[in-house]
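In: I would like the atomic coordinates for the input below:
(chains A and B)
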There are 2 protein chains.
Amino acid sequence: MSPKVSQEHKEQRRKQLLQAAEEVFIEHGYENTTMKHVMDKAGVSRGGLYQYFDNKEDLFEALIGEQQREIIDESLQAMIEEQGSCWDALLMTFLGEEKTASDTMDPLAPSKLEYFITGRNEKRRREHAKERYFHGFRVTAKIIEKGVEAGEFQPRFDPEVIARFIISYVDGLAVDHAILDSESIKLKEQTQLLIEYLKWGLNVKE
Amino acid sequence: MSPKVSQEHKEQRRKQLLQAAEEVFIEHGYENTTMKHVMDKAGVSRGGLYQYFDNKEDLFEALIGEQQREIIDESLQAMIEEQGSCWDALLMTFLGEEKTASDTMDPLAPSKLEYFITGRNEKRRREHAKERYFHGFRVTAKIIEKGVEAGEFQPRFDPEVIARFIISYVDGLAVDHAILDSESIKLKEQTQLLIEYLKWGLNVKE
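Out: You can find the predicted model right below:
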């Protein structure tokens, strides 16, 4: 077997393990998931899993790292052009490709919240949480900045505070959704209200 | 000893235990706190603690139940009159007595988040979480309703969605604050922006 095939095989196996882990985390949450759950779901031995990941923390970080990489890889300017406007690019950051308010939520959100909140006093998780927050903040703030330059937005408030507002509000919806459900919290209507507030706060030219 | 004194003594001891528990939860968070921590902080034996609370869950629920009771006990109409307007009463629900945006946060917030998020699949915690959410929602929605009746507010959006918006946003600030810190998330500025959004969304007559 050539080294290339072996490398491809390893990559593929790693992806399968991450996929199994994702399903297990969604089902049990972060704290209640064990490496055994992942082995069973992926149908691999203990050695087969530990060859790729040292522990549950490693596995979870790899999983949410992959999700974030997909966003970073897409350069911001290209994304704005593809979306047609900074407003659409901004909506995409928290609504996804459809850019419409809905009653669905990232199914990994509850595990992410557990991971970062329970682990807030551990250096590694805290650093990672900080990195994720500031990544989200920079992307959002940059899109708003470009919208101001392009004359699309004439913000009534500090654009950096508006960017933070979006992130905190979406985090809050994730918490309430993890604990309750879409219908109790009126997820769709709450998201629509955020859009209205942003339109006004950014003073979006239509 | 008369039964009355004994009852008073028990009440006092229970309060002391809750106070010790509060300090311990603030220090360690919910998941990492043990009953042993509480015994050590309160300076009581195992029996002295278990006589009042069956387990950590009981203790935590009693603690946050006390906090909530203080709000319920104050009747809503009396509170509005005391505050001088529905707008001030509304601000009080999320800013406290000072009614000004600040960089401080309820120090028990991270433990509450852990408790409800990690325990979201346990019936008891889920019910309790739901109860707390709807209690907060009803108080907020009722104040807005009274403000509309009094001609103080002429909301641009569904008042019940605005009430939910406040709760979710404050939950989001609590999450971000638990993971990061006031300066990173600009807690004060973010809170001020919420106030501006509410003024506009509720169309507050000044």
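In: let me see the confidence value for A:Ile72.
Out: Here, the pLDDT recorded for A:Ile72 equals 57.
In: oh, that last question was meant for A:Ile144, not what I typed.
Out: At A:Ile144, pLDDT is 96.
In: how many neighbouring residues does the nearest residue to it once chain neighbours are set aside have?
Out: In space, and not counting its chain neighbours, A:Ile144 is closest to A:Pro159: 4.5 Å by CB to CB, 6 or more residues apart in numbering or on different chains. C-beta coordinates here come from the backbone N, C-alpha and C atoms, glycine included. Neighbourhood size, A:Pro159 [other CB atoms under 10 Å in any protein chain shown]: 20.
In: how much space separates A:Lys146 from chain B?
Out: Counting by CB to the nearest CB, to the nearest Å, the gap from A:Lys146 to chain B is 21 Å.
In: correct me if wrong: that residue contacts A:Cys86.
Out: Yes - under the criterion of CB atoms under 8 Å, A:Lys146 makes contact with A:Cys86 at 5.3 Å.
In: and the two? Which one has more around it.
Out: A:Cys86 (24 against 17).
In: surely the more buried one is in contact with A:Gly151?
Out: No - look at A:Cys86 against A:Gly151 with CB under 8 Å: they stay out of range, at 9.9 Å.
In: need the contact partners of stretch A:101-109.
Out: Here stretch A:101-109 makes contact (CB atoms under 8 Å, 6 or more residues apart in numbering or on different chains) with A:22, A:25-26, A:63-64, A:67, A:95, A:112, A:173-174, A:177-178, A:182-183, A:187-189, A:191-192, A:195.
In: could you list which of those belong to helices?
Out: Secondary structure assignment by DSSP state H places A:22, A:25-26, A:63-64, A:67, A:95, A:112, A:173-174, A:177-178, A:182-183, A:187-189, A:191-192, A:195 of those in helices.
In: the residues you listed also near chain B: which ones?
Out: When contact is defined as CB under 8 Å from any CB of the partner chain, the ones in helices among the contacts of stretch A:101-109 meet chain B at A:Leu173, A:Ala174, A:Ala178, A:Glu189, A:Gln192.
In: out of the residues you listed, grab the one that's most surrounded.
Out: Result: A:Leu173 is most packed of these (other CB under 10 Å), 25 neighbours.
In: hang on, that residue packs against A:Lys188?
Out: No - the criterion here is CB under 8 Å, and A:Leu173 misses it with A:Lys188 at 10.5 Å.
In: rewinding a little: which of the ones next to chain B among the ones in helices among the contacts of stretch A:101-109 scores worst on pLDDT?
Out: Lowest pLDDT of those: A:Ala178, 90.
In: could you find the closest non-adjacent residue to it?
Out: Using CB to CB, 6+ apart and skipping residues adjacent in sequence, the residue nearest A:Ala178 is A:Pro110, 3.8 Å away.
In: next helix or strand past the host helix or strand of that neighbour?
Out: A:Pro110 belongs to helix A:109-118 when elements are defined using DSSP states H and E. Downstream of helix A:109-118, the first helix or strand assigned by DSSP H and E is helix A:123-149.
In: next, the angle from that following helix to helix A:109-118.
Out: 120 degrees (axes from the mean of the first three to the mean of the last three CA atoms, to 10 degrees).
In: give me the domain ranges for chain A.
Out: When chain A is parsed with automatic domain parsing, its domains come out as A:1-73, A:75-206.
In: so what's A:Lys162 up against?
Out: For the record, residue A:162 is Ile, not Lys. If you count contacts by CB under 8 Å, 6+ apart, A:Ile162 has them with A:Ile144, A:Pro155, A:Leu198, A:Gly201, A:Leu202, B:Leu193.
In: tell me the confidence at A:Pro3?
Out: pLDDT for A:Pro3: 58.
In: just give me the neighbour total for the residue in chain A positioned nearest to chain B.
Out: Relative to chain B, the nearest point of chain A is A:Gly172 (2.6 Å; CB to the nearest CB). By other CB under 10 Å, the residues close to A:Gly172 number 24.
In: quick one: contacts for the residue nearest to A:Ala178?
Out: Residues near A:Pro110 by CB under 8 Å, 6+ apart: A:Gly29, A:Tyr30, A:Ala174, A:Ala178, B:Ile117, B:Arg120.
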